[in-house]
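# have a look; sequence and predicted model below, questions after that.
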Amino acid sequence: MTEKIPLDILMKDKVVLLDGAMGTEIQKLNPKPDDFPDGKDGFNDGLSFTRPEWIKKIHRSYLQSGADCIETNTFGSNKLKLDEYGYGNQTLDFNKKIAQLAVDVAQEFSDKPRYVIGSMGPTGFLPSSNDPSLGQIKLDEIRDAFEIQAEGLILGGVDALLIETSQDILEVKLAIEACHNAFKKTGKRIPIIANVTLDKYGKMLLGTNIQSAYTTVSEMGIDAFGLNCSTGPTEMIPSVQWLNEQNSLPLLVVPNAGMPENQGGRAVYKMEPKDMASVMADFLDQYHNVRMIGGCCGTNVDHISLLRKVIDEKATENNR
């Protein structure tokens, strides 16, 4: 098999393809309360233990569709989130074992190097906010919650850490600091990718624009910066354009399958794979710093298959 070079080096040579959604793919399996640990309905990360074959199948399907990377099923596995389900005291081992599950699936593929990225979603708190329930938390508590998660993911063998779907730029800073602390504890340094989530007006939940968000964290020793979730790719265009103009960090763009539509109290994503692939192809044509693409909510193997085709076609064009 081709030598597996570090992900941050790989991005300089080629556009890297991530996987698609995990949460909406789990929903398609129609899990019942009994499927979750201790019957805790909605505890998706816990399905890695009670229904590991489901999670492996989702990982495997994305790799079969051409993804270079899969993300661990640890979006809600920082300590503060796991505390809500009674598993906070198992945070390190929890993340380590889920990472190992993804690594095992990736190692089934020998055609080319496959990478596992440790997913680190938000804590549910907003440290920049004055909200009495969401903002009144010690910053050290948030940092520590991410640090032990990052440590577990590193020990589980991930190739990079992805801070994603971030609503509060202060929390992103704390998560980045936590990753660096985890590197010191484990003696291993892997790439850090910091993602933020913007609404259709280009703002984070608390009003931070892309310029402020990028300026805040770009010099904190991260290896890539990007956008994920909340909107489809079209709504991301102004922000991606500005980020590309900075000509600094590699960019990651992971949109939803369009803007979510509320149907019967459930979010539905209707952007067809061909439409998403068309917009993302334009991104690769126009914004040379976009080095990683993938799909968030509502995307599936069909979206990823077409994104694989887009990347391969662009590579062929560039080699002519």
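Okay, I see it. Residues are numbered from 1 along each chain as shown.
# residues contacting the nearest residue to residue 225 once chain neighbours are set aside?
Distances taken as C-beta to C-beta, 6 or more residues apart in numbering place residue 249 nearest to residue 225, at 4.7 Å, with adjacent residues excluded. For the C-beta atoms, the positions are set from N, CA and C on the backbone; glycine is no exception. Residues in contact with residue 249 (C-beta atoms under 8 Å, 6 or more residues apart in numbering) are 218, 222-225, 289.
# repeat that for residue 91.
Contact analysis of residue 91 by C-beta under 8 Å, 6+ apart lists 77-79, 82, 145, 148-149, 152.
# and with 10 Å instead?
Applying C-beta atoms under 10 Å, 6 or more residues apart in numbering to residue 91 gives the contacts 74, 77-83, 144-149, 151-152.
# where does it land in three-state SS?
Classification of residue 91 by DSSP: H, G, I helix; E, B strand; the rest coil places it in helix.
# that one and residue 184, how far apart?
Distance of residue 91 to residue 184, given as C-beta to C-beta, to the nearest Å: 18 Å.
# what of residue 30?
43 Å.
# more neighbours: these two, which one.
The residue with more neighbours, out of residue 30 and residue 184, is residue 184; 11 against 7, by other C-beta atoms under 10 Å.
# ok, the more buried one - contacts?
Residue 184 is in contact with 147, 151, counting by C-beta under 10 Å, 6+ apart.
# kindly report the same for residue 90.
Per C-beta under 10 Å, 6+ apart, neighbours of residue 90: 77, 79, 82, 96-97, 152.
# per-residue pLDDT, it?
Note on residue 90: pLDDT of 98.
# again with residue 319
Confidence score, pLDDT, at residue 319: 78.
# same check on residue 199?
On the pLDDT scale, residue 199 gets 95.
# how about residue 223?
Reported pLDDT for residue 223: 98.
# kindly report the same for residue 134.
84.
# I figured it hits residue 142, correct?
No - using C-beta atoms under 10 Å, residue 134 is not in contact with residue 142; the gap is 11.5 Å.
# no more questions from me, cheers.
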